[in-house]
Structure formats: C-alpha cells, structure tokens
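Trainee: just the structure for this:
(chains A, B, C and D, ligands or ions: 4)
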Amino acid sequence: MQRKLARQFLYDMVLARQFEQAAAEQYTEGNIGGFLHLYPGEEAVAVGSLRAADPGDYVVSTYREHVHAMVWGVSPTAVMAELFGRATGCSGGYGGSMHLYDAGHRFLGGYAIVGETFAIAAGVAYWLRMTESAQIVLCYFGDGAANQGTFHETLNMAALWKLPVLFVCENNRYQIGTEIHRHSAVPDIYRHASAYGIDGRRVDGMDVVAVYEAARTALQHVRSGNGPYLIECETYRYRGHSMADPGAYRSVLELAELRARDPLETFRQRALAQGWLSEAECGDVDKAVEAVVTEAVRFAAASPQPTDLGRNVYSEPLDLYGGRP
Amino acid sequence: MQRKLARQFLYDMVLARQFEQAAAEQYTEGNIGGFLHLYPGEEAVAVGSLRAADPGDYVVSTYREHVHAMVWGVSPTAVMAELFGRATGCSGGYGGSMHLYDAGHRFLGGYAIVGETFAIAAGVAYWLRMTESAQIVLCYFGDGAANQGTFHETLNMAALWKLPVLFVCENNRYQIGTEIHRHSAVPDIYRHASAYGIDGRRVDGMDVVAVYEAARTALQHVRSGNGPYLIECETYRYRGHSMADPGAYRSVLELAELRARDPLETFRQRALAQGWLSEAECGDVDKAVEAVVTEAVRFAAASPQPTDLGRNVYSEPLDLYGGRP
Amino acid sequence: MTRQRNDSVGSIGTARPAPELEVWQALNIALDRAMERDSGVFILGEDVGLFGGSYRVTQGLYAKYGEWRVRDTPISENSFVGMGVGAALAGGRPLVEIMTVNFALLALDSIINIAAKLRYMSGGQLEVPLVVRMPGGVAKQLGAQHSQRLEHVLVNVPGLRVVVPGTPQDSFWQLSQAILADDPIIVLEHELLYFTKGPFDAEMPAPPMHSAAVRREGRDVTLMAWHRMVSVCLDAAGQLSARGIEAEVIDLRSLRPIDLPLLRASVQKTHRAIVIEEDCRFGGVGAEIAATLNEVAYADLKSPVRRVAASDVPTPYNVELERASIPRTQDILRAVEEVVGVSAG
Amino acid sequence: MTRQRNDSVGSIGTARPAPELEVWQALNIALDRAMERDSGVFILGEDVGLFGGSYRVTQGLYAKYGEWRVRDTPISENSFVGMGVGAALAGGRPLVEIMTVNFALLALDSIINIAAKLRYMSGGQLEVPLVVRMPGGVAKQLGAQHSQRLEHVLVNVPGLRVVVPGTPQDSFWQLSQAILADDPIIVLEHELLYFTKGPFDAEMPAPPMHSAAVRREGRDVTLMAWHRMVSVCLDAAGQLSARGIEAEVIDLRSLRPIDLPLLRASVQKTHRAIVIEEDCRFGGVGAEIAATLNEVAYADLKSPVRRVAASDVPTPYNVELERASIPRTQDILRAVEEVVGVSAG
Ligand SMILES: Cc1ncc(C[n+]2csc(CCOP(=O)(O)OP(=O)(O)O)c2C)c(N)n1
Ligand SMILES: Cc1ncc(C[n+]2csc(CCOP(=O)(O)OP(=O)(O)O)c2C)c(N)n1
Ligand SMILES: [Mg+2]
Ligand SMILES: [Mg+2]
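Mentor: Ligands and ions are numbered 1, 2, ... in the order given. As a prediction, the model looks like this:
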C-alpha cells in the first residue's frame, strides 16, 4: 500500500488515541461535563471506513463520534472546544460530546438516542438518490443499536428503494454492561442484512487495512446504485461505556486479550515491518499529534462561552404568544 | 382425518363467512360504525391455527379479529353486540370491532395500532415462561405489520429468552393499498425468522388442513420449551381493507384467481370427496350457522346501550383534582 | 445543502376556478402547487401514492410526480419520519403524512428528540424544513386507540410549530406556508373536516400562518376553539344570540405559537372567556390558554377563563357515549350561562 | 389470571435500621420488599440486572432473584414496555425501568395507546398493574436529547397515574404504593436526586399516594413544585424569610391526580401562588395547575397564579446556559416579589 495512506492511517489512529486520552483527562479535571463516550480500541473502524469514502459523502454517527468527526475533517480544536462547551466548538457549545455537527463537511452528527442514525442516514440517502447525486452516506451504529426497531424499519426501506447507504456496525460486544450474547439472539449482526436482501459481511475491526479494503468494496457497490451494504466490524472498547462506567462487568482476561490486538500498535508494527513507514516517520506522527492535541486543549480552554440562550430554536425568533408585551 | 374435526373446520369457516357477511350488511344499514375490517378469504388461517391450539392458551390478534374471537370461544352474539356498541358486547360496547376482548377465554384482543400484537403476546409468554406454565400464546399479525419495529424487537427478545409464542403471519399480500412487493424488500415473511434463530415456515393459507398441520407441529415445538416459532400463511382478503375501501388497486384477475382457491369451498369439496362429511351434514352446518348469525344480529339489535361514560378508566374511580368539590 | 428559496403564498402558480371546495381538495391544491414550484418538495407516507391517500389529500400526485416524489412507505412511522428529517438536512423539503395522529405516538422520538432539536443542538448549522401532516381528532366510532389527541404533547416542544387549519382556505394557506417555512412544522388536520365545503380563493393573500381569526363577533363572551369545535361554538353562539347573549367565536388556527394579542383584544371587549377543546381537559392546550390569559388579562376578566373539554376517558366506541365524551353545543351553552351568570351576579 | 392480593405499604416486610438513606437506596428497598412479598413482581429494563441499574436502583436484586425476575433487556423500549403490559394482563406485576425518560419517547404507544386504555376498552375485563419507572429532569450537561421532560405528555392521559417522589421516604412510599396498585402508574424520578440523603423509616405509615405535602409553612405566598425544584423553592423561601416574606412550599408529589384541596387550603391562607417547574412553560403541567387554581380559588387570589418554568429552548450543553435554562433561586425570588408587589399595590 502507499506510504501516504499508511501515514494517514497512523496519524488518524494516533490522533484518535491521544485526543480521547486528553478528553478523559479534561473530564476528570472538570473541564468537560455530561456523558463522555470514548473510542480507544475502536480506532480502526472509523479510520478504515471513512478513509475509504469520498470527501463529498455524508456521515451520520452516534454519541461516540469524536473520532469520526475528526477523521472526516472537523478540526480537533473545534471538537475539543465543543466538549468544553465553548462558542468555538463545532456546535457552538450547544451540542456537547454527543452532538457534534459540521454542515460544511457534511458531518451530520452526533445522535444520542440509540438507533436514530439509521433513519437519518437513509433520509439523506433518499434525497441523494432522488436528486441523482453521486454521493453516498455512511451510517454508524453499535451492536446494541441493532436491536432497536429503527434498524429493521430502515434497512427494509433502504433495500426496497436501493438507497446509497453504507451501514457500519461497530460491534464492540457490549450494550453498556450487557454482553452481546445476552442482548441479541443472533449476535452475528452482518447476518441480519440478508433478511432485507442486503449484502453484509463481517470484518476484523481491529485491523485498519481490513476495514479499509472491506469499506472500499462496499462503497463501490453502494455508489454503483446497487443499494445499501452492511459491514460488521468486530472491535472492542478498552474503557467503560462512558467515563461514568468502570466497566467492571468485563473480565481482565478479555480485556488483555483484546489489548494484545490493539489496532494502533499492530498497524504500527506492520507498517514498519512492511517498510510502509520508518521509525522516524512514526516518531514524527506522534510528535505532530501531540502538538495538535495540546493546542486543541489550549484553544478550548481559552475559548469564550456561548452567551445567547435563545438563539437557533427557530429559523427566526418566534414569540410563543404572538407579540405578547 | 376425523369427521368431528372436519365438521368443526366447516362450521367455523361457514360461521366466519356468514358472520362477516352479516356484519357488512349491518354496517351498510348503519347499525355498525367506525372501521370494519372483514375476514372473507382468510378463514383457513384463524380456523386452522386456533383449532390446533389448546383451550388454555392465550390469543392476541389485530383489528381484523372477529373470526379469531369466535373460533376461540367468544359467542357470535357477544361479538355482534360489540360491533353494535351494545352493553352486551364482549367489550361492553366500549371497544368496538377493533377491540374485542374476553378475559375468561384468554382472548386478549383486538389491537388497532399495527405491530402492537408482538410485544403484548411476548409479554404474556414471558409471564407463562417465568411461572413455568404449560400454556403458550398465539400471536397474529399481517404482512404489513412485519415492517414495524416491534416485529424485530420482539422476535429478538422472544428468541433470546425462548418464549412460548407462535407467531402467525396472515400474509394477504396487502398493507391496505400497498402490495407486499412495494412494502417489503424480502416479501417472504417466514425468512425473517432465521434472522433471530427462530424456526419459520410458509404454508398455504387457503388450505385449512395445511394450516392446522403446520400449526400442530409448530405448537408442539413451542410447547416443548424450544422457544418461538413463526408460520407465514399465504392468504388473501376478498374485500377491501375495510368497509371504507373498495380495493380498486387490485386486478379483477388477481381476485378471480384467488377466489378460485376459496378456503371454504375447496375444503367442503374435499370433505365430501374424502367422505369426511356428507352433503346432508354440510347442509346442516349451513342451516345451523344461519340460525346462529340471525340470532346474533337479533340479539345485538335488541341489546341495551352502555350508559356509564366514566367507568373502568381506573381500578377505582379517581378524582383528578383529589376531591375537588 | 442549498435549498431553493420561495415566493410568497398568495401568488403560487395559477388560479383554478373553484369558488367552493372541500378541505381535502384545498390541501391537495396546496401540495400540487408546492411540488410544481419546488422540485425539492416530496411526500412520504403510507398509501399516499397509488392509493391516493386515506383522505384523498394526495390524490393524483403520484401519477403526476412519480414514485420518488410521492413515496408509499411501509408501516414504519418512526423511521420514515426520521428519514424526512434526514432528507431535510440534506437539502430537501420533505412532507411526511402520518396516516393518523394516533400512529404519531410511534414517531415522537423523530419529531421531538430529533427534528425539533437539531437546529439548536448544531448551533444553528442545520435546519429541518420538514412538514408533518396528521389527521386527528375524535371522528366517528373509531375506538379509543384511533381517537388519541396529541395537541398537548406537541405544543410544549421548543423547535416545533403547530398549526390547526379547519377551513378549506386556511388549509390551503397554512399548509402552503408550512412548506415554505424552514422549521419543522406540524399540521394537524381533523378527520371530520376533510369533506366539509367552504369558500376558496387561491389568490387571496394569506394572513400570517400563526394568526387567529374571529369567526363571529360578539360582546358578551369569547369562545376560543380550533378544528371542529369552532363549528360547535358557532352553533352555540347562534342559540345564545336568540337569548340575547352575543358570543365572539375565535378560531385559534395555530396552537404554537398562539395569537394572544387577538385573544386579549377580544377579552378586553367581552370580559369573559372560555376555551373549548376536543382534547382532555387535564393538561390540555386549553390549560395553557386559560393560564396565560388569566395572567395577562386579569384586570379585564370578570371571571377566570373557563375550559370546556373532552371527558377524562379513553374514547368509547359506543356512539352515544362517544358523543358525550367531547364538547357538545349544550356543554358550551351551560358554560356560557355559568360565566355570564357568575359575572353578572 | 389471578393476581396476588396485597397488604398495605406501612407494614411491608421487616425494618432495616437506616435513619438516613439516599433516594436510590430507598427505591431499592421498596423493590426488594415488593419482590420478597409478591413473586409476581418482576423487573424489565436495560442493565437492571448484572450491571445493577444505571442509578443503582436495582442493585443486588439480580443476584437475589435471578434473571427471570430481574431481566436485562436489549435496547427495544417500545417492545419491552409492551411486554410489561402483556405480562400484567396475564397476571404479573411487572415493573419496567426505562433507563431515562428521554427514551420513553420510543415507548409512548405502549404506554398511552395500550396500557392506559385496555381496562376501559375491554369494558373492565382486563387490568394492567404495570409500573414504569423513569429517571428524568435536567441533569448536568447531558445535552438536549437527554434532557427532554415528559410530565406534560403523561398527565393528560386518562388511565395513567403519575407520581413524582423527590425524597427517600416518598420514593419508598410511592414506589411501594404504585406496585400495589392495579393501574398503570408512571413513577418519574429525578436524575439529580438519586444520591441525595434524607430521613427514612420503612415502618412509618404512608400518606395517600397522590397527596401533596407542605415542606415549609408560610402566610404570604404559595410555591408549588416537584422533584428538584422543591429544594430550589426552599432555598428561595429561606432568603425571602430574611426579607420578611414567608413563603409556603408545597411538594406536589403527584401530578395525576393532583391534590387540589391542599393547594386550595394554602392559597386561602396566602392569597398568592406560583408554580415552579423544570419543564417548559408553554403547555406544561404548571399551566394545568394555574388554570385550575385560578378557577376554583379565584376569590381567594389577589393575583392570578404565576408560573416560573424552563426557558423555551432545547436544553443547551454549555453549563452556564443550561443552568440559566431552568428555574433558579433568583427567578423564584423575582416572581415572588412581582406577585407580592402586585397584590400589595
Ligand atoms: C433508545 C435508547 N435507549 C437507551 C439509551 C442508553 N444507552 C446509551 S448507549 C447505550 C448502549 C448502546 O450500545 P451499542 O449500540 O452497542 O453502542 P456502544 O455504546 O457499544 O458503542 C445505551 C443503552 C439510549 N441512549 N437510547
Ligand atoms: C402503526 C399504524 N400505522 C398505520 C395504521 C393504519 N393501518 C391500519 S391496517 C393497515 C395495514 C396493515 O396491513 P397488514 O399488517 O398486512 O394487515 P391486514 O390489514 O392486511 O390484515 C394500516 C396501514 C395503523 N393502524 N397503525
Ligand atoms: Mg456496543
Ligand atoms: Mg396484509
């Protein structure tokens, strides 16, 4: 593979890892509030799939979306500022960690109610298909989200109308504290696709190259007008569900086993072994990312608070009492 | 097969046919109001499946449930009286055609919002399983209902916890005016079962014996603790969706083709040919049913109206203002 | 994500000669004109296409605009409303028909927790020009599950606007205005009004979408209502007039926002007010109107604002009980006599 | 379909020595005792079992009663609430926990169009002794989608009862009473109150489930609130007292039905009343209370009932804006000064 892409993968994953680490620290220090869902362990999924897409495509993600936003072009400073709730955040400080948006990059969020991403993505795809646009939509969801009725409803419609959506399942085996075998009768999420006549396949979500290759094939299929496609990425989150969850329901062994397959480290070793990247280049990436993350935190901390409580509720200010004095 | 059962099938289907015919007439005369969804053409489904169940089992049906109620033991007079909205109706005149109930017979309705039957049935089954009861639940739903999120959510839970439910799909090819190929990406409803690891099969819903045999096998499976089972019955409704719908969206040819396979007539011919029933017996059934239906209409028309608007909202009368004078 | 800009409502397309129309026809014309004018307007809903709509509102549009712009959906309310939101985000002007308000209970997450909040949550980057139409109200013996009213649920939600046209002219005006607006707007229609006739002029300039209208002038008491209850109020007003009591009848037309200035002005004249609603009294829309009017027009009121509302029961199937469960002319007469009596004494 | 009959709340099980407890512990004890007493009581919800519940309310019950009586569900709100209804019909006393009120938007069909209506629609044959617990309110920076309040939605529904315990004692009493009742009951809990401490005595006889409680006596103005707003009112009352204004603070405890007699009695004494709510003002529960109190206590009131409520915006993430979006002590002080001023002048 090209060195350029290899460097990109490494950069994205290092950024993802360091950014989330910084976010965790800032949360602990009280600079970030609310629910904070982090991505360590799952980096290969967002990076591999998004890097396979075209910049003109749309992305719809969940509340665990910091990394998706950044890989899709939202600057780390704008994301960190949003976590800080500042006016310079990508949602102006009104959204928060679970509600990152960037209209310019067609990054449409950021949805905190499990299962919402399906219909939003399919709706965008409906519009793209109706207007015969060449763009497609990437829709992310977790293993737990697959049990929500909207999964079924939306996949049926997406298949029925051959909508250009790539559904990417981030199967990290858990719905908060409930392990997949206890929440899904058929834990092989990719197998559900066939119930709608949709092509689905499973890929090692700890291997960024595998995810990238699978996503390319899938996107080719979707972009050619063959309708939706579903990829199930087997991955794992190292941390608890959110900063509030110690993740005590998981065994130390399980965690160790998965950490041994760390997507970032395995890729780094492979890149070095294959000669895609040199030690020096890897070192440069680490340094570059460190600077970016440090700057993101500095920028966020130095940014102003939003001050207008009532704006953006409607297209123009609306007086509920029609001009009440 | 035994003559007794054959006579039962014939009686049930003739009653179903004649009762619905009478209901249509009473609706036209203005004695029945609201939405009236009739069953002609689909008789073999309710009759074949319910006659295969044990009287102690529970039944949960849709708004097209007059026949299910009667086959399950609710008297035709009580059903007709309910359609008339009278106090003698099986729901006291408060429910109407779409809301027939009979607690004594464990006939739990009568649900008018498409897709509601799944969870209700699974909930009853959960209780039966939790209390280690030998009873099971029969859950009816249409082809259109299979696209509702509750289908997916409930089948997953029913499979996950091996709940004793027999899901019976009345696939009459239409969701009001929308033909199945236009509402389901995979019109083979029974194939959806496998997405949950549930056994599912398709049966000729115009053949009461076939439905009965399939239901027996399925019930055996369910009752033995193997979890849910799904039967898709391919059937057809002769009339429009409800009395308000002329059904203009269907071709005359399609209708003729299906009428040629009329479940009632084909069974009658077969029963005669096989010697299960004699002409005389068939004639007796027609006469007996005619008397029952005539009596049902007379009884309904002669019955009193319910008069108390406020009863049965709560277990005991509740003053919203806590004793407001 | 560029979205076509639009001209004003009054001058849509070309006139059709139609002195009197039924509500469904007025809605149909509004849809047709909006779709002709703006190729970004499209319809999603159950049986809106080939079947022509349960209440004929979308009749003819499938043949004229094709399946992509008039899409028959499966029974998947929460998801097809959510798809409407997605399409709106991408640049479209989707118009979702929920076959009846009762099924909207399945789609409230898409309406309340997505459509209404996205503009705000995104710091103003995203907009959701979505129109959701739903027939509702208590019709004729449809039973409890098909008679659920949701006004009280929707009016409380920041980000939504709720209009309740009851005449052919208002139906045309307000639906047209809703389609032109850039916010998620709920258009509640009443199942018993679709086939009622009324004057119609597509060229008449439209009043503001959220303004109320005085349907009958009077000096003694103000009756405020919407949808079918307006005609019940007019009926009561007629009978009251015979007894020398002149009731002013106001059609609210919009429930979020409400046209409080008009209500105040009326109360300043009549000094007595009653809200009549088909929804249940406890926590209904009438409570908001009464509470607010009591606050802002306290000095003008001779007695507190009264409410005449549906009985606190699920809607019974029996025809007599059903009638008794929602306000009838006599209920309004009784209430008026009470307030007029009270304040006279 | 026989269902176990129950003894009264006051005498459940045996006492545990616990002078002061946190709300979650009181709820936990109520659940434990109900499950010990009645084998028909069981729990359905996300992470209620192995995980012990997001707010620890079900902690320890999975180990004690097993997976059938404490069931971890998939993320399928509408269906597992519907299953609760089915189990209740068959003879059980299901207790469904919806992880937070926000997700209840997905389950409203099961709650409003099934649970609340079955007894009535069936002519009284069926009963649905279902309890649905949901944590809600505006917590700390959870963002707009996780701060949706649903009081206004639920109080309007015939067939439902809605209680809003805010103290450990009330949480124990009202949850215990709800489990014993034979109607579908919604128990709304507040996310910020779970870990607040308060006196607790499991043996103290319980007051009626739907009664309100006077938390502080006063003669000048009545402040009515529930959940976290009660403490905000008490804070304001303390400051007012320093200025010679004695506010009476009432904890509503129940929103459907409401304890109007108590509110009336208070207003007869104070002649001024303000409803304080975390929900949005327009069409909120406060509107019902204000409208009704204005009607029945008109003569006693020196000024119309006021409302202090959340701003009409989706809840912002930014901490300062979030605080400003719901009533604070100073907002109550301002409102009190207004009514006292107004009525004094
Ligand atoms: C409808 C709904 N129910 C419950 C929740 C609470 N909740 C937030 S995340 C989550 C688990 C989701 O698991 P999964 O889909 O696998 O995504 P993951 O967090 O593992 O990435 C739950 C139950 C929610 N946000 N929305
Ligand atoms: C949630 C919901 N959406 C829409 C409707 C209106 N409706 C009533 S029956 C029906 C078609 C159902 O089709 P199917 O499930 O195949 O049952 P059938 O009527 O054919 O027996 C529709 C759309 C409804 N009652 N509930
Ligand atoms: Mg997961
Ligand atoms: Mg059908």
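
Trainee: contacts, neighbours, all on C-alpha from now
Mentor: OK.

Trainee: pretty sure residue C:52 is in a strand, no?
Mentor: No: per DSSP: H, G, I helix; E, B strand; the rest coil, residue C:52 lies outside any strand segment and is coil.

Trainee: residue C:205: neighbouring residues, count only.
Mentor: Other residues near residue C:205 come to 12 when the count uses other Cα atoms under 10 Å in any protein chain shown.

Trainee: tell me the pLDDT of it.
Mentor: The predicted structure scores residue C:205 at 97 on the pLDDT scale.

Trainee: pretty sure it sits in a strand.
Mentor: No: judged by three-state DSSP, residue C:205 forms no part of a strand; its state is coil.

Trainee: who in the stretch 51-200 of chain A is up against ligand 1?
Mentor: For the stretch 51-200 of chain A, the contact set with ligand 1 under Cα under 6 Å from any ligand atom comprises A:112, A:113, A:114, A:141, A:142, A:143, A:144, A:145, A:172, A:174, A:175, A:176.

Trainee: and for the last one, nearest residue in space, chain neighbours not counted?
Mentor: Yep, that's residue A:176 we're talking about. Excluding its sequence neighbours, the residue lying closest to residue A:176 (Cα to Cα, 6 or more residues apart in numbering or on different chains) is residue A:241, at 5.2 Å.

Trainee: mind listing what that neighbour touches?
Mentor: By Cα atoms under 8 Å, 6 or more residues apart in numbering or on different chains, the residues touching residue A:241 are A:37, A:38, A:176, A:177, A:247.

Trainee: tell me the one of the residues you listed nearest residue D:335?
Mentor: Of all the contacts of residue A:241, the one with the least separation from residue D:335 (Cα to Cα) is residue A:37, at 39.6 Å.

Trainee: which strand or helix spans the closest one?
Mentor: For residue A:37, there is no enclosing helix or strand under DSSP states H and E.

Trainee: tell me if I'm right that residue C:153 and residue D:155 touch.
Mentor: No: judged on Cα atoms under 8 Å, residue C:153 makes no contact with residue D:155 at a distance of 10.1 Å.

Trainee: higher neighbour count, these two?
Mentor: Using other Cα under 10 Å as the criterion, residue C:153 and residue D:155 rank with residue D:155 on top: 27 against 22.

Trainee: list the residues that contact the more buried one.
Mentor: Residues C:282, C:283, D:161, D:162, D:255, D:256, D:285 are the ones in contact with residue D:155 under the rule Cα under 8 Å, 6+ apart.

Trainee: pull the most distant pair out of the contacts of residue A:241.
Mentor: For those, the farthest-apart pair by Cα to Cα is A:38 and A:177; their separation is 15.3 Å.

Trainee: tell me the centre residue of chain C?
Mentor: Centroid check for chain C by Cα atoms, centre = their mean gives residue C:164 as the closest residue, at 1.3 Å.

Trainee: distance of that residue relative to residue C:186?
Mentor: Residue C:164 sits 9 Å away from residue C:186, taking Cα to Cα, to the nearest Å as the criterion.

Trainee: tally of neighbours for the residue of the stretch 151-300 of chain C found nearest chain B?
Mentor: Using Cα to the nearest Cα, residue C:282 is the residue of the stretch 151-300 of chain C that sits closest to chain B, at 7.9 Å. Residue C:282 is surrounded by 29 other residues when neighbours are defined as other Cα under 10 Å.

Trainee: isn't it right next to residue D:153, touching?
Mentor: No: taking Cα under 8 Å as the contact criterion, residue C:282 and residue D:153 are not neighbours in contact, 10.8 Å apart.

Trainee: ok, is the helix or strand bottoming out on mean pLDDT in chain C in contact with chain D or not?
Mentor: Least confident helix or strand of chain C, by mean pLDDT, DSSP states H and E, is helix C:329-344 with a mean of 87. No: judged by Cα under 8 Å from any Cα of the partner chain, helix C:329-344 and chain D are separated, with a smallest distance of 11.0 Å.

Trainee: ok, back up a step: between the contacts of residue A:241, which has the most around it?
Mentor: For those, neighbours tallied by other Cα under 10 Å; top is residue A:38, 27 neighbours.

Trainee: just to check, it is in contact with residue A:244?
Mentor: No: counting by Cα under 8 Å, residue A:38 stays clear of residue A:244, with 11.1 Å between them.

Trainee: and the residue of the stretch 51-200 of chain A nearest ligand 3?
Mentor: Of all residues in the stretch 51-200 of chain A, residue A:174 sits closest to ligand 3, with a separation of 4.0 Å (Cα to the ion).

Trainee: what's the closest non-adjacent residue to that residue?
Mentor: Taking Cα to Cα, 6+ apart as the measure, residue A:174 lies nearest to residue A:180, with 5.5 Å between them; neighbours along the chain are not counted.

Trainee: surely that neighbour meets residue A:188?
Mentor: No: taking contact to mean Cα under 8 Å, the distance of 9.5 Å between residue A:180 and residue A:188 leaves them out of contact.

Trainee: what's the burial count for residue C:204?
Mentor: When neighbours are defined as other Cα under 10 Å, residue C:204 has 12 of them.

Trainee: now it: how far from ligand 2?
Mentor: Distance, residue C:204 to ligand 2, by Cα to the nearest ligand atom, to the nearest Å: 36 Å.

Trainee: ditto for residue C:103
Mentor: Using Cα to the nearest ligand atom, one gets 5 Å for the distance from residue C:103 to ligand 2.

Trainee: which SS class is that residue?
Mentor: Of the three states, residue C:103 takes helix according to three-state DSSP.

Trainee: with residue A:139 instead?
Mentor: Under the three-state scheme (three-state DSSP), residue A:139 adopts strand.

Trainee: could you measure from residue A:248 over to residue D:51?
Mentor: Counting by Cα to Cα, the gap from residue A:248 to residue D:51 is 9 Å.

Trainee: same deal with residue C:158?
Mentor: With the distance defined as Cα to Cα, residue C:158 ends up 35 Å from residue D:51.

Trainee: residue A:11 contacts residue A:290, doesn't it?
Mentor: No: under the contact definition of Cα under 8 Å, residue A:11 does not touch residue A:290, with a separation of 10.7 Å.

Trainee: what about the two, which has more around it?
Mentor: The residue with more neighbours, out of residue A:11 and residue A:290, is residue A:11; 21 against 17, by other Cα under 10 Å.

Trainee: check which helix or strand covers the more buried one.
Mentor: For residue A:11, the enclosing helix or strand under DSSP H and E is helix A:3-28.

Trainee: okay, buried residues for that helix please.
Mentor: Neighbour counts using 16 or more other Cα atoms under 10 Å in any protein chain shown place A:6-7, A:9-24, A:26-27 of helix A:3-28 among the buried residues.

Trainee: quick one, the following helix or strand past it and helix A:3-28 angle?
Mentor: On the C-terminal side of helix A:3-28, the closest following helix or strand by DSSP H and E is helix A:43-50. Our comparison of helix A:43-50 with helix A:3-28, counting by axes from the mean of the first three to the mean of the last three Cα atoms, to 10 degrees, yields an angle of 130 degrees.

Trainee: and the next helix or strand past helix A:43-50?
Mentor: Using DSSP H and E, the next helix or strand after helix A:43-50 towards the C-terminus is strand A:58-61.

Trainee: mean confidence for that following strand?
Mentor: Here strand A:58-61 scores 98 as its mean pLDDT.

Trainee: list the contacts of that strand.
Mentor: So strand A:58-61 is in contact with A:68, A:105-111, A:117, A:120-121, A:135-141, going by Cα under 8 Å, 6+ apart.

Trainee: same question for stretch C:92-99.
Mentor: Contacting residues not belonging to stretch C:92-99 are listed as A:127, C:3, C:40-46, C:48, C:54, C:77, C:80-81, C:84-85, C:87-88, C:104, C:129-135, C:179 [Cα under 8 Å, 6+ apart].

Trainee: what do you get if the cut-off is 6 Å, keeping everything else the same?
Mentor: Counting by Cα atoms under 6 Å, 6 or more residues apart in numbering or on different chains, stretch C:92-99 makes contact with C:40-45, C:84, C:129-134, all of which sit outside it.
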